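**Student:** Return a 3D structure for these sequence lines:
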Amino acid sequence: MITAIVLISADVHTIPETAQAVADVDGVSEVYSCAGDVDLIAKVSVRDHEQIATVVTATINRLPGVRHTATHIAFKSYSSSDIEAGFSIGE
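**Tutor:** Below you'll find the predicted structure:
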């Protein structure tokens, strides 16, 4: 499984509608509305790189309200349980 984080700049007047439209795209598992340099952050989980192109380029980029995207491919995921397990080795 390949995970991509997609940073989305959206029309400020349509952020809630744009966020829901992104969330409804096949392959998108989560969408966050946030403050900062971008308006939305989407987590995309798909089987191969071609599907990332389909989800981001052919679908998300064409949604009404989406102005710009930047896609980042994840290499490895970490969670708080991973960190806790690392500190508890040998106990």
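**Student:** where does the residue nearest to Asp11 when sequence neighbours are not counted land on pLDDT?
**Tutor:** Excluding its sequence neighbours, the residue lying closest to Asp11 (Cβ to Cβ, 6 or more residues apart in numbering) is Gly65, at 4.7 Å. C-betas here are computed from N, CA, C, even on glycine. Per-residue pLDDT puts Gly65 at 97.
**Student:** And the one 4 residues further on, by the same measure?
**Tutor:** At Thr69 the predicted local confidence, pLDDT, stands at 98.
**Student:** Identify the residues contacting it.
**Tutor:** Taking Cβ atoms under 8 Å, 6 or more residues apart in numbering as the criterion, Thr69 is in contact with 6-9, 56, 60-61.
**Student:** Which of those residues fall in strands?
**Tutor:** Of the positions in these, 6-9 sit in strands, assigned by DSSP state E.
**Student:** most neighbours, which of those residues?
**Tutor:** Ile8 (28 neighbours; other Cβ atoms under 10 Å).
**Student:** Spell out which residues sit in contact with the residue lying closest to that one once chain neighbours are set aside, please.
**Tutor:** What sits nearest to Ile8 in space, not counting adjacent residues and going by Cβ to Cβ, 6+ apart, is Leu40, at 4.0 Å. Listed by Cβ under 8 Å, 6+ apart, the contact set of Leu40 reads 7-8, 10, 15, 18-19, 22, 31-34.
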